[in-house]
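1. Here you go, sequence then predicted model.
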Amino acid sequence: MIRHFLRLSDLSPAEARAIVQRATVLKGLPDAQHRPFIGKTLAMIFTKNSTRTRVSFESGMARFGGHALFLSAGATQLGRDEPLSDTAQVLSRMCHAIMIRNDSQRDQEELARYSRVPVINGLSDLHHPCQLLADLQTWFEHRGDPRGKIAAWIGDGNNVCHSFIEAAQLFGFTLRIATPKGYEADAQLVAQAGSAVQLSASAAEAASGADLIVTDTWTSMGQEAEQQKRLRDFAGFQVDAALMARAKADAIFLHCLPAHRGEEVSAEVIDGPQSVIYDEAENRMWAQLALLEFLWGQQP
């Protein structure tokens, strides 16, 4: 059976934990000692700009002996309105998996419907599941099992927030969400999460006693025209030293990057000792390698 990875909840709790734990194992292997992807090709479709997603998949495939193909939508027939169904059927006859980074979760689902090989969500309007595998790997590495702990999401109720909602259910932690009015997380996802998610009235309330503080940019790709309005609306939601001081003394800070110092996070926090953002960024590669092993049935 073909397994796709379009949202974190496509995995069971046991599968998600196994992938995260396997990622740390892979990270500890000597370079060039493990090359299970020889002969494997990953097609990567991008309609949105990328640094970490592209480099982590390309570097990871090369490290494990495989090959990644960068396909900009504007430089392929997708840019001339070729149906996703045709693209899926052609690519899946030539490649062993397809990663897509685009605006539409619905388009990803259509691509997966016609694909003979696994389709991976590299980011959509609703979810960013690969980021959460890396985030959970980072949390495990720095503070152990997150089960029973508290994470505080501060800022926009966006795609990363939605994947954090699903992560809370899969990994057994509580997610507190603090967003400005009008920028709330998807109500259906929040309702489905039940007691795993708590909506907080303020950033200070969400951060109080938290084990993990996480935020994201206030203005995502495609929202640049709204930047000045968003800067006004998000006043009071910056993760600064005062907010971090409300969390536990050993709390860590995550941000998927790119970051805007002085907006969603102060330089003092993101460049400070509680920040583990560069481990988090590196772990995109290891988590995705473990994911590919799983989707290809190669995970021990």
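-> Arrived safely, thanks for sending. Numbers count the residues shown, from 1 in each chain.

2. And what about residue 254, helix, strand or coil?
-> Going by DSSP: H, G, I helix; E, B strand; the rest coil, the secondary structure assigned to residue 254 is strand.

3. And for the one 3 residues further on?
-> With three-state DSSP as the basis, residue 257 sits in coil.

4. Find me the pLDDT at it, would you?
-> With respect to pLDDT, residue 257 scores 97.

5. Repeat that for residue 226.
-> Looking at residue 226, its pLDDT is 79.

6. Nearest spatial neighbour of it, chain-adjacent residues omitted?
-> residue 219 (6.5 Å; C-beta to C-beta, 6 or more residues apart in numbering). Quick note: C-beta positions are derived from backbone N, CA and C, even for glycine.

7. burial count for that neighbour?
-> 19 (other C-beta atoms under 10 Å).

8. would you list every one of the strands in the protein?
-> Along the chain, counting by DSSP state E, strands occupy 41-46, 67-72, 97-101, 119-123, 150-154, 174-178, 197-199, 212-215, 252-255.

9. Quick check: which helices or strands does the fourth one pack against?
-> Spelled out, that is strand 119-123. On a contact count with 3 or more C-beta pairs under 8 Å, 6 or more residues apart in numbering; DSSP states H and E, strand 119-123 meets helix 52-63, strand 97-101, helix 105-114, helix 129-143, helix 277-295.

10. Could you say which of these is packed most deeply?
-> strand 97-101 (a mean of 27; mean count of other C-beta atoms under 10 Å).

11. ok, back up a step: please tabulate the helices and strands packed on strand 119-123 in CSV, including the columns distance to residue 271.
-> Shown next, in CSV, are the helices and strands packed on strand 119-123 (distance: least, C-beta to C-beta, whole Å):
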stretch, distance to residue 271
helix 52-63, 18
strand 97-101, 27
helix 105-114, 34
helix 129-143, 17
helix 277-295, 9
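
12. Mind putting these into CSV with distance to residue 172 and mean pLDDT?
-> Listed next are the helices and strands packed on strand 119-123 as CSV, based on distance: least, C-beta to C-beta, whole Å; pLDDT from 0 to 100:
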stretch, distance to residue 172, mean pLDDT
helix 52-63, 26, 97
strand 97-101, 28, 97
helix 105-114, 25, 97
helix 129-143, 11, 98
helix 277-295, 19, 98
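
13. what about these, which gets the closest to residue 191?
-> In terms of C-beta to C-beta, the element of the helices and strands packed on strand 119-123 nearest to residue 191 is helix 105-114, at 18.1 Å.

14. Does residue 102 touch residue 44 like I think?
-> No. Assessed by C-beta atoms under 8 Å, residue 102 is found out of contact with residue 44, at 11.3 Å.

15. what about the two, which has more around it?
-> Shown here are residue 102 and residue 44; by other C-beta under 10 Å, residue 44 has more neighbours (23 against 20).

16. give me the beta-bridge partners of that one?
-> According to DSSP bridges, the residues that bridge with residue 44 are residue 70, residue 99.
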